[in-house]
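Structural data only, the sequence is not supplied:
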């Protein structure tokens, strides 16, 4: 008995100390009252912690500590951010916002964010024009600083191209379809006629749809903010191309980011995929060692941007000035360059493109492709995309309903188009 | 289990009151002290406080929200619209489609599930080698998380590389696009539900079977009744109250079916397939609230589900009353 009591006491001491330590860690300002703990809310993998940026910032600024809270999926993260904004609590000092949500946040909730455009050390010319414009409210306040962007290239299998009698050199491949996604489909027909057994030209019609669509300035909305998802030339052209790719049998009839898509990478099912830089890591992981040196990266027919994010500072945050300073530092060209080195995230700050880490970057998995140059060139050519409300819902109507109806369920394009319009009307009507 | 007890006691001694009253039920002349009288309520209070905070309040607030136009982008801005959200549900093809799917998936998953559970319970009721092993094995799917189970099923039902299609191919049958077909997708989603819940229901039936007097089976066997006849004439009548209980629980579960179709749908799973062929009410609520950000409309869907369950419960209560009355006669 006595022994067990002693053991219990011995166990109690560390427990008390641990509790005290935890409580101290929770207390705002820390034990000495001078440490400021900044919180950063992100989704997916932004890579700040992995690239050691928080640790370096803490070293440069004694008295500041940075803590990141990550939610894996943006479709979970973003609704939670909206609820926290409405409640005015639960917000991190810095909140990341994906491009699909930046318009809604800027238009409907812009007043809840700091104007970072006027922050010390922030110069508009640091960022690509279109990136800066996306996070700017109609009354001229810039509530988000651009992080990475998603300029589109085409990743292709050199070994399959060789077997199909197509050129394999990335410059030559880029010339095959330069300027026109229709040219991409014509190469697809040539590929199909001499394709290695069991392979098709591209993964999915929806991936093609996104890559084509996001090269147009006006897509679902025109510059005056009028909805154009039924008749805009961009939507019609992208739809026609996607449908044509299905009809010609050029797609593997897969849905992106689903398990069969992963398996198709592993099995080498398709020869090309429209790939923003954030997809390179995915391709490498899913294709595995067997794909090493077989993939390569060529320029897309037209420059387009697919994805990317912003850092914002909510007004309800506790340490706004310190948060603005951290957000400015994290999005500066030097730090964006380090994220590029760490995980191929393409900077939204053109100054970074000239830095040797980007300009001379080669990706060994993709046949030593100069990915810095390829994606930087694409980024410079991207038009200023007009973003409107409900971008994600409208995109989902095309990608999750309309195109799979044609591609997977074999419905007529007219019926699928009607289904898309019904979906959109249901989604945008409050 | 509790549901079986009264029914099984009935034949033992109908109309006979227990000879000895339990001591605490004995009427006492002494008035209990005030504190004494309220003690039970004090013990019950934590549950009801929690229920009020996390059950009743959200329920009522959802009802209040459903009478407004509210967007998740600015939930603090509520515009009164009265019954508009409910009225539009009646003409909302997507809602009616989800209602139909919920019913179809409920039938597709509940009926085979309970039939199989009954059969399995009967099998386990006979003396078996390694009985504990079989019972634990039955309960394993129930202990698996929805997410893990659904993801495995997604792989099994894959169009290009799935095991099911591979087996079909070996048997000389063409591959099936399980996810994109209409009935194939519904069958696949139902199979996940069936796989997860059959063992659970079988164990409930098995527990109830333990209370059925062994002599009934023995005398039936003496009279030459086969195991099938024993099942139909002894097991099923003895288990009727438990079957009703599992039916109610399964019906509630089926109305709320959510995780399996969401994960089976993969990317864009909230729509329940490209033509919404397996979108349930739960998924439509989720889509309305958390993808389209229409909190008012989503709340109306939630309340519609609640009312549907209440109506089903009322119908069940009516139906359950009749046999009781006829038994009393």
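That came in fine, so what should we check first? Predicted model only: the values in this text are computed from it and were never measured. Numbers count the residues shown, from 1 in each chain, chains lettered A, B, ... in the order given.

for chain B, what are the nearby residues on the stretch 51-200 of chain A?
A:75, A:79, A:82, A:83, A:86, A:104, A:105, A:108, A:109 (C-beta under 8 Å from any C-beta of the partner chain). In this view, the C-beta of every residue, glycine as well, is placed from N, C-alpha and C.

Could you list the residues in contact with stretch B:75-94?
Under the contact criterion C-beta atoms under 8 Å, 6 or more residues apart in numbering or on different chains, stretch B:75-94 has outside partners A:82-83, A:86, A:422, A:426, B:65-71, B:95, B:276, B:279, B:284, B:295-297, B:299-301, B:303-304.

Give the residue spans of the chain that score low on pLDDT.
Just going to use chain A. For chain A, the stretches flagged by pLDDT under 70 are A:1-33.

I was after chain B.
B:1-34, B:322-329.

which parts of the stretch 301-430 of chain A sit against chain B?
A:390, A:392-393, A:396, A:399-401, A:404-405, A:408-409, A:411, A:419, A:422, A:426-428, A:430.

Are any of those residues buried, and if so which?
Neighbour-count burial (16 or more other C-beta atoms under 10 Å in any protein chain shown) applied to these gives A:390, A:392-393, A:396, A:399-401, A:404-405, A:408-409, A:411, A:419, A:426-428, A:430.

what comes into contact with stretch B:146-159?
Stretch B:146-159 has contacts (C-beta under 8 Å, 6+ apart) with A:253, A:259-260, A:263, B:141, B:161-165, B:175-180, B:188, B:191-192, B:195-196, B:259-260, B:262-264, B:266.

What are the contacting residues of the helix or strand residue A:280 falls within?
Using DSSP states H and E, residue A:280 maps to helix A:280-287. Residues from elsewhere that reach helix A:280-287 (C-beta under 8 Å, 6+ apart): A:155, A:261-262, A:265-266, A:268, A:273, A:275, A:291, A:294-295, A:297, A:343-344, A:363, A:365-366, A:371.

buried residues in it?
Using 16+ other C-beta under 10 Å as the test for burial, helix A:280-287 gives A:280, A:282, A:283, A:284, A:287.

Then stretch B:217-228?
Across stretch B:217-228, burial judged by 16+ other C-beta under 10 Å covers B:217, B:220, B:225.

so what's the last one closest to, chain neighbours aside?
Nearest in space to residue B:225, with sequence neighbours left out and distances taken as C-beta to C-beta, 6 or more residues apart in numbering or on different chains, is residue B:233 at 7.0 Å.

And for residue B:160?
residue A:260 (5.6 Å).

so that neighbour makes contact with residue B:178?
No - taking contacts as C-beta atoms under 8 Å, residue A:260 lies outside contact range of residue B:178: 10.9 Å.

Do you have the helices of the stretch 201-329 of chain B handy? List them.
Assigned by DSSP state H, counting those that start in this stretch, the helices in the stretch 201-329 of chain B fall at B:214-222, B:227-230, B:236-238, B:240-255, B:259-264, B:281-286, B:295-328.

Please identify which of those is closest to chain A.
helix B:295-328 (7.5 Å; C-beta to the nearest C-beta).

what packs against that closest one?
With contacts taken as 3 or more C-beta pairs under 8 Å, 6 or more residues apart in numbering or on different chains; DSSP states H and E, helix B:295-328 sits against helix B:57-65, helix B:84-91, helix B:93-125, helix B:240-255, helix B:281-286.

which of the ones you listed is buried the deepest?
Across the helices and strands packed on helix B:295-328, averaging neighbours per residue (mean count of other C-beta atoms under 10 Å in any protein chain shown) puts helix B:281-286 on top, at a mean of 24.

Please list the residues outside it that contact it.
Against helix B:281-286 from outside (C-beta under 8 Å, 6+ apart): B:94-95, B:98-99, B:102, B:255-258, B:261-262, B:265, B:269-272, B:298, B:301-302, B:304-305, B:308.

which among the residues you listed end up buried?
The neighbour count (16+ other C-beta under 10 Å) marks B:94-95, B:98-99, B:102, B:255, B:257-258, B:261-262, B:265, B:269-272, B:298, B:301-302, B:304-305 as buried among the contacts of helix B:281-286.

how near is the residue of the stretch 251-400 of chain A found nearest chain B to residue B:234?
Scanning the stretch 251-400 of chain A for proximity to chain B using C-beta to the nearest C-beta identifies residue A:400 as nearest, at 3.0 Å. Using C-beta to C-beta, to the nearest Å, we find residue A:400 at a distance of 52 Å from residue B:234.

How is chain A partitioned into domains?
What the record gives for chain A is the domain set A:34-149+A:308-356, A:151-305+A:372-428, from automatic domain parsing.

out of the buried residues of stretch B:217-228, which one sits closest to residue A:99?
Nearest to residue A:99 among these is residue B:217, at 68.6 Å by C-beta to C-beta.

residues of stretch B:193-207 that come out buried?
Per 16+ other C-beta under 10 Å, stretch B:193-207 contains these buried residues: B:193-206.

Pull the most distant pair out of those.
B:193 and B:206 (20.2 Å).

one step back: I'd like to know which of the residues of the stretch 301-430 of chain A next to chain B are part of strands.
Counting by DSSP state E, those place none of their members in strands.

Keep only those of the residues you listed that are in helices.
Those of those mapping onto helices are A:392, A:393, A:396, A:404, A:405, A:419, A:422, A:426, A:427, A:428, per DSSP state H.

Can you tell me which of those residues comes closest to chain B?
residue A:404 (3.7 Å).

what about the nearest residue to that closest one once chain neighbours are set aside, how many neighbours?
Excluding the flanking residues, the one nearest residue A:404 by C-beta to C-beta, 6+ apart is residue B:274, at 3.7 Å. Residues lying near residue B:274 (other C-beta atoms under 10 Å in any protein chain shown) number 25.
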